[in-house]
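1. sequence first, then the predicted structure:
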Amino acid sequence: MNATSESRAFPDQGFWSGKRVFLTGHTGFKGSWLALMLEQLGSVVYGYALPPDTGCVLSAVPRYAGCVHADIRDPQALGKAIREARPDVVLHLAAQPLVRRSYADPRETIETNVMGTMNVLEAVRELDTVRAVVVVTTDKCYHNREWDWGYRESESLGGHDPYSASKACTELLAAAWRSSFLGHTGIDTRDTPIATARAGNVIGGGDVSADRLVPDVIRSLSNSEAINVRNPLAVRPWQHVIEPLHGYLRLAELLCGKTGAEFAQAFNFGPAEEDCRSVGDVVDLLCDRWGAGGWQHDDSVQPHEAHLLKLDSSRARRRLGWRTRWSLTQAIEEIVLWEQARLAGDDLRKISLASLERYRSAGS
């Protein structure tokens, strides 16, 4: 089954209105944006995540039917929360999302990303309400061979660093639970389709995480400080945060359909080829749009990070009707507009809703 038109890649309000959605990681960068989108669509959103810290300044903006601040590694707390929510759809975003942090605390990374996902899937097994599960992983789940072309969903999984390895494990875990328990041929004879979503490097307003390029640059620009860049020649698949989130929602819609099992697989969500650009290019675009700043190469010894990474998103384009709407240049413009409005003291909710409206207009 293919999507009938590209316009269908936008979330269907008729589908989402009134749907009970259990969203893990709602206090994070992507989770906060996704919760706001779901709220606009009329969903009944239940969040489960650690209390907000430095991950996102947007965490208090969306409105929820219920919110639990607890650890994804706690199966009892998680099970209680999801039983009380009785969701139609589970969107699993909770994770330890940083490569460099995974070097500092590999145990936390593995326990959160792998065992946390198992806890979610085991909790789903106890419910008869869940119609679809989307597990969000990353483009870094692939065994990176520094190829010039984009990785397809059929490529080998792997990971040089603990973070990448944890996400490759998460992919394998989701596939095992899909075939063993939650697929109609599994032990449970359930029909709860599970799909995984592998997004490229996601950027956007509101991300304040440490050791991420865009928030690090924004902090330096805001404070008129020098910008130190670790790997200026590294190439990544950059895209605005709104782009893959629309893909996740479209995927969940199709999983809930009559042919949902056909979509119970992995999907890449990455930008067009021309937007796979170097770190140095992204910093230059940010400085140019900000109207100030410049960068210097930090040539100190750093933990290993991949030099070249691209995604082939043809499956999502063909099967889901999904495609990116904003170029990298447009994404950078949106980020600077959002961050400068935030620094001016504007209302974060108003800023974010305006961004979502501009995105919808770009796709019309």
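-> Happy to help now that I have it. Numbering: from 1, shown residues only.

2. endpoint to endpoint, stretch 217-235 covers what distance?
-> Start and end residues of stretch 217-235 are separated by 17 Å (C-alpha to C-alpha, to the nearest Å).

3. list the buried residues of that stretch.
-> Residues of stretch 217-235 classed as buried by neighbour count (16 or more other C-beta atoms under 10 Å): V217, I218, S220, L221, I227, V229, R230, N231, P232, A234, V235. For the C-beta atoms, the positions are set from N, CA and C on the backbone; glycine is no exception.

4. OK, contacts around the second one?
-> In this case it means I218. Residues in contact with I218 (C-beta atoms under 8 Å, 6 or more residues apart in numbering) are L286, I335, E339.

5. these into CSV, with extra columns for pLDDT?
-> CSV is the format used below for those (pLDDT from 0 to 100):
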residue, pLDDT
L286, 97
I335, 97
E339, 96
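
6. out of those residues, which comes closest to I187?
-> Nearest to I187 among the contacts of I218 is I335, at 46.2 Å by C-beta to C-beta.

7. where does that closest one land in three-state SS?
-> Using DSSP: H, G, I helix; E, B strand; the rest coil, the structure places I335 in helix.

8. who are the contact partners of the nearest residue to it once chain neighbours are set aside?
-> Among residues not flanking I335 along the chain, G205 sits closest, at 5.4 Å (C-beta to C-beta, 6 or more residues apart in numbering). By C-beta under 8 Å, 6+ apart, the contact set of G205 is L58, E334, I335, L337, W338, E339, R342, I351, S352, S355.

9. let's see it at 6 Å
-> Residues near G205 by C-beta atoms under 6 Å, 6 or more residues apart in numbering: I335, W338, E339.

10. then Q13?
-> For Q13, the contact set (C-beta under 6 Å, 6+ apart) comprises L41.

11. now do 7 Å
-> Shown in contact with Q13 (C-beta atoms under 7 Å, 6 or more residues apart in numbering): L41, G42.

12. and the gap between it and K19?
-> Distance, Q13 to K19, by C-beta to C-beta, to the nearest Å: 10 Å.

13. now neighbour count too, for the contacts of G205, in CSV please.
-> Output for the contacts of G205, formatted as CSV (neighbours: other C-beta atoms under 10 Å):
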residue, neighbour count
I335, 26
W338, 21
E339, 25
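
14. tabulate the residues you listed (a markdown table), appending distance to L38.
-> Shown next, in a markdown table, are the contacts of G205 (distance: C-beta to C-beta, whole Å):
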| residue | distance to L38 |
| --- | --- |
| I335 | 22 |
| W338 | 19 |
| E339 | 24 |
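
15. can you classify R145 by secondary structure?
-> coil.

16. what's the burial count for it?
-> 11 (other C-beta atoms under 10 Å).

17. show me the contacts for it.
-> R145 touches nothing, counting by C-beta under 7 Å, 6+ apart.

18. also the one 5 residues further on?
-> With contacts defined as C-beta under 7 Å, 6+ apart, the neighbours of G150 are G270, K310, L311, D312.

19. for the second one, which non-adjacent residue is closest in space?
-> The spatial neighbour of K310 that comes closest, neighbours along the chain excluded (C-beta to C-beta, 6+ apart), is G150 at 4.1 Å.

20. follow-up on the earlier one: mind checking which of the buried residues of stretch 217-235 land in strands?
-> When these are checked against strands (DSSP state E), the matches are I227, V229, V235.

21. I'd like those residues as TSV, with distance to L320 and pLDDT appended.
-> Shown next, in TSV, are those (distance: C-beta to C-beta, whole Å; pLDDT from 0 to 100):
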residue	distance to L320	pLDDT
I227	37	93
V229	34	92
V235	25	93
